Every structure is written in structure tokens, then in C-alpha cells.
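Trainee: no letters, just coordinates:
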């Protein structure tokens, strides 16, 4: 018996016969989403050890769902690029999302250390006059130079994110000759300033990639992007690093712990 | 002078004449993205008080950018649904994103209190046997009943998120008669159990909305969605609330503070 059979359907109350079919379609789509969300968690956490999902009929039994619902759920995951159907093999996991920590301020190479090697393609780097909103947030006079860096970041060769970075020039100058290809800016900032980073204010958004960003990230146009804006401060409180980061939505998750009381 | 004129362009080094135009196009697209990110921050934080952006020529001067770059940046923000061009008026802010706190575990109505009234359309509610991954995470026997709730959540009438919720039935039963239309599940859980919530493990992703979810959220098909998976525990540590939440990417930002040391 499908789990939703016993569930009261609010929208369906008193629906006339002509609307019954539409209601059934809606309910099946709702159930498919429900199942897809459960399977997504399983595959992102590596529960399907061999990288292959159980057979449709097994999933139908395990989740008390109809074969149609199972197929529709797998279609949703396929549309997200997480699984593929291989003839003679079944449904296999094709995408891996890497967990970026939300609990501690860490650079990409640090947070993904166990998953592989992060390399950075420096697309643009050099001093530029700070636009007013950048100057304000970095506590420097408007028009004073900042170091502007644009990097395409890869994990094991796969594009993960496009990072736009602004750093006050008194600190940034020392980064010009540094090994930015292989080193997080966070580590360089701590080496250059001789102090630890302190905290960062972050804002996360989901946006559709514009055509140019999609091309750079080798993602489809309109692909969902996890956009992170981050203003990082040194331990003494000085803001030193303003970044705008576009993570490919199909390659990164952000995980953390929230507490009810502060 | 455009800020990037003095910036070393890595890709352009030694580019032959035939590739020069492509490089220029790429550079303009890069600059447009750079400007769009700065303007996005301004408009999301309400810096354009009257809801109207400065004239293109003012933006060009302020940001040391060409008019073409400014136009392209505004096009990017328009494609995201954040601004519109009104003839005779200029570029106006049309979308507001609401900040959801990432620092403390809070329900939607709590976190958005100052922005308006949250209402919940209960689409489905009722007991259902827990699928294995739900049972495992909620520490109940597989197949034991859970309360399943599906809600479309609105702020001031506008769809914000679609929430799928699983609650162990010994706690969930008391929610069946509660005012779910106007009350956060978090508040109800604390009222029913007589204890505070403790912590939650969260995972955030950016995904493209499937057709059905997009319809429910009244968003375009493929719209970027901020997907939150959250397992919430009572103060005594018991897991009581597993949720899969799809936030409309154009209506929600998540903001918080990260620290370098734990």
C-alpha cells in the first residue's frame, strides 16, 4: 500500500469527477518528489555502495510506492544529473557532490582535502581601484587600489567554482608572486599577515547561471548555482577578503550544525 | 579608465589577432559579472533606497565601467528577476530576497517576523509508514508510522518554500489538530514535548526546480531552488523532525557568521 493512501489530501476534498484525474497526477508527482528526496540523501551520503541503485521493483517494495512513482522519482534525479540509467546495469550514481563545511571558516582545499586536490586557474589578477561598495566593506578609502583576483577552481580537474576576490592592496601585493594555483587565499592571507583569520559574514543564494558563467563552469546554461558572498576578517577584526563565489550546484553541498540557543 | 585595464589578463597573453575579439568579449562578460555581483549586494541590502538604481551613466562613472558593461550587468540582474527596466523611470528593483538566519535554529515565521506574516497551506497531512532512511534518522523502527506533512509556505501571500516533513507519530499525533496554517512546526514541537529544540544537522544545495515543484512554487520551470535538508533534535538529543525544504532562489538568502576556530 502506498504510504500516502492513508493520507488526507486537502486539495482533493470534494473535488468533482472531472478534476479527479488532475488530482491523481498531482498526487503521483508529489509522491515522486517525496521519494526522490529520500533517494537523493542516500546517494549523496554514499549509501549505494556499489554506485548502483536497487532495482525499481525493490525500490517500489522498500518505499511502498508504485512502479510509476519510482520511475518518476528516478527521472527527477536524472534531470538533476545525479543518476543515469544504463541498459543491462540499472540506475547508477553518476554525480558526486562534495560537502563544504558550514561550521568553520575554511578554504576550499582545506575543506575538501579528503576528496582530492584543488587547483586554481587564475583567469585575472591585478590591482584595480576599489568600487565604493568594495571600499566600504574593506574599510579602505573609495578609489584606493585593491587586488582583484578571478579564479576557476577545480577538484581533481573538475570545475567546482568561479571566485571573484577583492583584497586590500597592502596585503594583496604580497600575494602577487604567491602560488595561487595550488594554495587557498585563506592560507596565503594568514602567512602574509602573520595572524589567523577570525570570522566571516556569509550569504548564500541559489541562482540560475548566466550564459557566460555557465560556459566558464562547463555547466548547462541556466544551471543552478550556489552563490556565496563572503567577507572575511583577520583575527584582529580587520576585513581583508571580499569574495563572490559561484559553486556548481551539482558538485557542492554545504553542511553544518545549527543550535536553538546561541 | 575601466578598472580591469591595468589587470593582467592571463588568457590573453600572446593571443593571435583572430582570437583578440573573442578575448575582448570574454573580458566584457567577466566585467559585467563583476559589476552585477556588486550591484546585487547593494540591492539585496536595500542600498537603493527609493528602489531605483542610479542612471547607467552614473553607474558607469561610479564603477569606472563602460556603458556596455553596465548594460550587460543590468541584463544579468534582469535575467535573475531582480530588476526591471521601466521606460521613463530607469532600472527598478522588483524582487526582494528575505534573509533566513544561518546562525540559530529558527522556524520560518520566527526568522522572517520583521518582514511579514508567514502562512502555511497544508497540502497533505497524515500518518504513513516510515521508509527505511527516514526511520533510521528518526531512530524509530522501520515501518513504524510517522506523521507526514507537506506545506506550501508563503510570506505576505507570496510562495517561499515547499516543505516535506516527517515527525515520529508519538509526537506527531498532537500536531494533527494544531493550527499548522499559522504556526511553525518548531513552535508546535516545543509546545507538545514541553522541551526546547536542541540542534539540527543541515545540508544546503542549489538545484533546478523540476516542472511540478516549479508549478507549486509559482516559479519558472528550471528556476534555481535553495534546497535545505534538516534533521532537528530536541534538547535531550532525540531526533524529532526531518525536513526537505525547497526555497525559491529568488526570494530567500541564507546569512550567517563563520569562525576560523571552533
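Mentor: Structure received. This one's a predicted model, so the numbers in the text were calculated from it and none came from an experiment.
Trainee: residue A:151 reaches residue A:120, doesn't it?
Mentor: Yes: at 4.5 Å, residue A:151 and residue A:120 qualify as touching, with contact defined as CB atoms under 8 Å. Just so you know, the C-beta spots here come from the backbone N, C-alpha and C atoms, and that holds for glycine as well.
Trainee: so where do the helices sit in chain A?
Mentor: Applying DSSP state H to chain A gives helices spanning A:17-44, A:56-62, A:67-79, A:108-111, A:132-138, A:169-172, A:185-193, A:211-217.
Trainee: which parts of the first one are buried?
Mentor: What it means is helix A:17-44. The neighbour-count check on helix A:17-44 (16 or more other CB atoms under 10 Å in any protein chain shown) flags A:26-41, A:43-44 as buried.
Trainee: next, the angle from it to helix A:67-79.
Mentor: 50 degrees (axes from the mean of the first three to the mean of the last three CA atoms, to 10 degrees).
Trainee: give me the distance from helix A:17-44 to the chain's centre.
Mentor: Put simply, helix A:17-44 sits 24 Å off its chain's centre (CA atoms, centre = their mean, to the nearest Å).
Trainee: skipping adjacent residues, who's closest to residue A:199 in space?
Mentor: Distances taken as CB to CB, 6 or more residues apart in numbering or on different chains put residue B:259 closest to residue A:199, at 4.9 Å, once the chain neighbours are dropped.
Trainee: that older thread, quick check: neighbours shared by residue A:151 and residue A:120?
Mentor: residue A:180 (CB atoms under 8 Å, 6 or more residues apart in numbering or on different chains).
Trainee: now residue A:218: how far from chain B?
Mentor: Residue A:218 sits 15 Å away from chain B, going by CB to the nearest CB, to the nearest Å.
Trainee: report pLDDT for that residue.
Mentor: The pLDDT attached to residue A:218 in the predicted structure is 97.
Trainee: please apply the same query to residue A:195.
Mentor: Note for residue A:195: predicted pLDDT of 96.
Trainee: again with the one 5 residues further on
Mentor: Residue A:200 is assigned a pLDDT of 96 by the prediction.
Trainee: next one: residue A:7
Mentor: Residue A:7 carries a pLDDT score of 47 in this model.
Trainee: what residues does the stretch 151-262 of chain A have near chain B?
Mentor: A:164, A:196-208, A:210, A:212-213, A:222-227, A:229, A:235, A:244, A:247, A:249, A:252-262 (CB under 8 Å from any CB of the partner chain).
Trainee: for burial, what's the neighbour tally of residue A:78?
Mentor: When neighbours are counted by other CB atoms under 10 Å in any protein chain shown, residue A:78 registers 15.
Trainee: tell me who's in contact with it.
Mentor: A:84, A:85.
Trainee: roughly how far does it sit from residue A:95?
Mentor: 10 Å (CB to CB, to the nearest Å).
Trainee: what bridges to the closest residue to residue A:245 other than its chain neighbours?
Mentor: Closest residue to residue A:245 apart from its sequence neighbours, by CB to CB, 6+ apart: residue A:228 at 4.3 Å. With DSSP bridges as the criterion, residue A:228 is bridged to residue A:204, residue A:245.
Trainee: for residue A:228, give me the pLDDT.
Mentor: 96.
Trainee: next, count neighbours for it.
Mentor: Using other CB under 10 Å, residue A:228 has 21 neighbouring residues.
Trainee: pLDDT below threshold where in chain A?
Mentor: A:1-16, A:262 (pLDDT under 70).
Trainee: run the last query once more with 90
Mentor: Across chain A, the stretches falling below the confidence threshold (pLDDT under 90) are A:1-29, A:43-51, A:81, A:88-89, A:95-96, A:101-104, A:142-143, A:177, A:261-262.
Trainee: show me the beta-bridge partners of the residue lying closest to residue A:109 once chain neighbours are set aside.
Mentor: Excluding its sequence neighbours, the residue lying closest to residue A:109 (CB to CB, 6+ apart) is residue A:118, at 4.0 Å. Judged by DSSP bridges, the bridge partners of residue A:118 are residue A:155.
Trainee: contacts only, for the residue nearest to residue A:245.
Mentor: Residues near residue A:228 by CB under 8 Å, 6+ apart: A:202, A:203, A:204, A:243, A:244, A:245, A:247.
Trainee: let's see that with 10 Å instead.
Mentor: Counting by CB atoms under 10 Å, 6 or more residues apart in numbering or on different chains, residue A:228 touches A:100, A:161, A:163, A:200, A:202-205, A:243-247, A:252, A:254, B:254.
Trainee: hmm, which two among those residues are most spread apart?
Mentor: A:163 and B:254 (18.8 Å; CB to CB).
Trainee: state the distance from residue A:125 to chain B.
Mentor: Using CB to the nearest CB, residue A:125 is found at 6 Å from chain B.
Trainee: same check, this time on residue A:82
Mentor: 9 Å.
Trainee: what count of nearby residues applies to the spatially closest residue to that residue that is not a sequence neighbour?
Mentor: Among residues not flanking residue A:82 along the chain, residue A:95 sits closest, at 4.9 Å (CB to CB, 6+ apart). Residue A:95: 15 surrounding residues under other CB under 10 Å.
Trainee: now swap in residue A:90 and tell me
Mentor: 15.
Trainee: swap in residue A:64?
Mentor: Residue A:64: 17 surrounding residues under other CB under 10 Å.
Trainee: correct me, but it touches residue B:129?
Mentor: Yes: contact status for residue A:64 versus residue B:129: in contact at 6.2 Å, counting by CB atoms under 10 Å.
Trainee: quick check: neighbours shared by residue A:78 and residue A:95?
Mentor: Shared contacts of residue A:78 and residue A:95 (CB under 10 Å, 6+ apart): residue A:84.
Trainee: about what we covered before: so which of the buried residues of helix A:17-44 also contact chain B?
Mentor: Filtering the buried residues of helix A:17-44 for proximity to chain B by CB under 10 Å from any CB of the partner chain leaves A:26-41, A:44.
Trainee: alright, that wraps it up for me.
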